[in-house]
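*Asks:* Sequence and predicted structure, then a few things I'm wondering about:
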Amino acid sequence: MAKSFLAIVNPAAGGGKSRKLLGPALERLKAGGIKVRIAETSGPADATRIAREAYRSSERNFIAVGGDGTSFEILNGLFPEAAAGAPPTLGFLPLGTGNSFLRDFSDRGVEHAIQALLACRNRKCDVLRLRHRDGVIHYMNLLSMGFTADVATLRSRRFSGWGELGYIISIFLTLARFNRRPFPMRVEQDSNLDRRPCLFLTFNNSKFTGGTMMIAPKAEVDDGRIEYVRWGPIGRLGLIRNLPGLYDGTHIQHVLAECKAVHSVDFELPAPVDVMVDGEVLTLHCERLDVLPGALNVVA
């Protein structure tokens, strides 16, 4: 793997700490013989634009400097064009507030990411592709609907500047509303439409979300499949009692939980829904989810 990268930097990630911590990390990479060019983002979706333009100019090696949102934007700059060629390479300097994807490989954060770059340690990674009424998005961590997406949406829209307190308030308000509902879909082109109400659905490529929450303990980033996790209409007290299981993965043992590896999902939603995808909150009329096997090299 070539030791030359374009680092796309979100200077606002982590409350601005991304820019402050970048210098020492770059010095270590430079000392290890890695050449890094820097491109800073100036606002939402800018990382997507930078990645797309660089890819079209034959750049193939990238570093996401920020959190999950920065990686998500870069991925959507590379794809769908990269699906038709050799897999691009994406490394990480996780200097943002959330870096769930890398926890599949290590809990040592920036230190692990730097060592992986210095050692040129890369592996194939699937990319999940969601087609919706207005276009297509790609992701490498997870997409969720229901309770988990409701919490993230509320926090993003009403409590985004409140830090951890905003997250806690959003959980309690979502618990108060507790909207268990169906998301009509077919798994693996099944003839039966699943209309069962549920607390949440997640469609995962990797194990973790929210930093340390192991929502899909059986997920593998390179198995060519979507790890689908469904939790049925559990009650409020049942959810509260079982919350610790969301952090160690034992929630999938609950009688109302389902977990399976699939290749595709077709949605028949009557209207757009709020979703959380790789830490970003979007409102989409989802239609079809499938996998691009081994479409990305990740340095991890």
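*Replies:* Yep, it's here.
*Asks:* which element follows the helix-or-strand element of the chain with minimal mean pLDDT toward the C-terminus?
*Replies:* When each helix and strand of the chain is scored by mean pLDDT, DSSP states H and E, helix 17-31 comes last, with a mean of 83. Per DSSP states H and E, the first helix or strand lying C-terminal to helix 17-31 is strand 35-40.
*Asks:* picking that back up, report all helices and strands that the least confident helix or strand of the chain contacts.
*Replies:* strand 4-9, strand 35-40, strand 61-66, helix 109-118 (3 or more C-beta pairs under 8 Å, 6 or more residues apart in numbering; DSSP states H and E). To be clear about C-beta, it is placed using only N, CA and C from the backbone, and glycine gets the same treatment.
*Asks:* between the ones you listed, which one is nearest to E280?
*Replies:* With C-beta to C-beta as the criterion, E280 lies closest to strand 61-66 of those, at 12.3 Å.
*Asks:* I would like the residues contacting that closest one, please.
*Replies:* For strand 61-66, the external contacting residues (C-beta atoms under 8 Å, 6 or more residues apart in numbering) are 1-2, 4-10, 13-14, 18, 22, 36, 47, 51, 54, 70-71, 74, 78, 88-96, 117, 299.
*Asks:* which of those residues are buried?
*Replies:* Buried members of these, scored by 16 or more other C-beta atoms under 10 Å, are 5-10, 13-14, 18, 22, 36, 47, 51, 54, 70-71, 74, 78, 88-96, 117, 299.
*Asks:* domains for this structure, by residue range?
*Replies:* What the record gives for the chain is the domain set 4-120, 138-294, from automatic domain parsing.
*Asks:* Nearest to L128, out of the ones you listed?
*Replies:* Nearest of the domains of the chain (C-beta to C-beta): domain 138-294, 5.2 Å.
*Asks:* Let me see the mean pLDDT of the closest one.
*Replies:* Domain 138-294 comes out with an average pLDDT of 93.
*Asks:* How far away from the center of its chain is it?
*Replies:* Counting by C-alpha atoms, centre = their mean, to the nearest Å, domain 138-294 is centred 11 Å from the centre of its parent chain.
*Asks:* Straight-line length of it, end to end?
*Replies:* 13 Å (C-alpha to C-alpha, to the nearest Å).
*Asks:* how much space between the closest residue to V277 other than its chain neighbours and L130?
*Replies:* For V277, ignoring the flanking residues on the chain, the nearest one in space by C-beta to C-beta, 6 or more residues apart in numbering is L143 at 4.5 Å. L143 sits 6 Å away from L130, going by C-beta to C-beta, to the nearest Å.
*Asks:* The two: which is more packed in?
*Replies:* The neighbour count for L143 versus L130, taken as other C-beta atoms under 10 Å, is higher for L143 (25 against 22).
*Asks:* which element is the more buried one on?
*Replies:* Assigned by DSSP H and E, L143 falls in strand 142-146.
*Asks:* what's that strand packed up against?
*Replies:* Against strand 142-146 (3+ C-beta pairs under 8 Å, 6+ apart) you get strand 200-204, strand 273-277.
*Asks:* List the strands paired with the next helix or strand along the chain from the first one, with their directions.
*Replies:* Note on strand 200-204: by DSSP H and E, the next helix or strand toward the C-terminus is strand 208-209. Using DSSP bridges, strand 208-209 pairs in its sheet with strand 213-214 (antiparallel).
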